[in-house]
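Trainee: Provide a 3D model corresponding to the input given below.
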Amino acid sequence: MNPNWKYKFVNNYLHCCMIGLSNLNNIVLFDGVCNLCNSSVDLIIRNESGNELKFASLQSDIGRQIIERAKLDEVPDSILFYKDGKLSFKSKAVLEVSGFLKSPFSWVRIFQVIPSAFLDVFYDLIAANRYRWFGKKESCRVPTPEERAKFLG
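Mentor: Numbering: from 1, shown residues only. Next up, the predicted model:
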């Protein structure tokens, strides 16, 4: 393990201090070939209350860099959200991102009162079937010229 980095799992977060990523924040990492994931990114962009979120596919250089530096053995079958040195997964990531959205989408945060372990059962069911139910692209999404500033890597 790299002695310059510190890692700790706490409440569905991976806390990490990653050299080179310290100036990046509020990054939504998503499966770039998943139709459901791409539609979700479109919905987030259209309904973001400010202009704070950035996006990167898990397959992109920045996505792979975050996964690698977090010392994850494999790419999680999940949306990831990187904020303040913390990498959240699955339902926790969805709830975190929903806090950046306009109403009624921000209301999703009310589900924070439900334990993540319970919410993740539903998340995992959808994640495991997303290609079968919603399809898959041959390549990662290409942002439109208007979206380009929101995408990293």
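
Trainee: give me the pLDDT for residue 144.
Mentor: Note on residue 144: pLDDT of 79.

Trainee: what does it show for phi and psi?
Mentor: Dihedral pair for residue 144: phi -70, psi 160, per degrees, to the nearest 10.

Trainee: give me the number of neighbouring residues for it.
Mentor: Look at residue 144: counted by other Cβ atoms under 10 Å, it has 9 neighbours. C-betas here are computed from N, CA, C, even on glycine.

Trainee: I'd say residue 131 and residue 31 touch.
Mentor: No. Applying Cβ atoms under 8 Å, one finds residue 131 not in contact with residue 31, separated by 9.1 Å.

Trainee: would you map the strands across this structure?
Mentor: Ranges of strands within the chain are 7-10, 13-16, 27-30, 54-57, 80-83, 86-89, based on DSSP state E.

Trainee: worst average pLDDT in those?
Mentor: When I compare the strands of the chain, strand 7-10 is least confident, with a mean of 40.

Trainee: show me the beta-bridge partners of the nearest residue to residue 88 once chain neighbours are set aside.
Mentor: Using Cβ to Cβ, 6 or more residues apart in numbering and skipping residues adjacent in sequence, the residue nearest residue 88 is residue 81, 4.8 Å away. Beta bridges link residue 81 to residue 28, residue 88, judged by DSSP bridges.

Trainee: before we move on, the earlier item: quick one: which of residue 131 and residue 31 has more around it?
Mentor: Neighbour tally, residue 131 and residue 31, criterion other Cβ under 10 Å: the higher count belongs to residue 31, 28 against 14.

Trainee: and residue 66, how far is that from residue 83?
Mentor: 12 Å (Cβ to Cβ, to the nearest Å).

Trainee: what is in contact with these two at once?
Mentor: residue 27 (Cβ atoms under 8 Å, 6 or more residues apart in numbering).

Trainee: hey, which helix is longest across this protein?
Mentor: helix 116-134 (DSSP state H).

Trainee: who's in contact with residue 108?
Mentor: 94-95, 98, 101.

Trainee: cool, residue 125 as well?
Mentor: Contacts of residue 125 (Cβ under 8 Å, 6+ apart): none.

Trainee: state the pLDDT value of it.
Mentor: 94.

Trainee: how close does the most centrally placed residue in the chain sit to residue 113?
Mentor: Central residue of the chain (Cα atoms, centre = their mean): residue 80, 2.7 Å from the mean position. Distance of residue 80 to residue 113, given as Cβ to Cβ: 23 Å.
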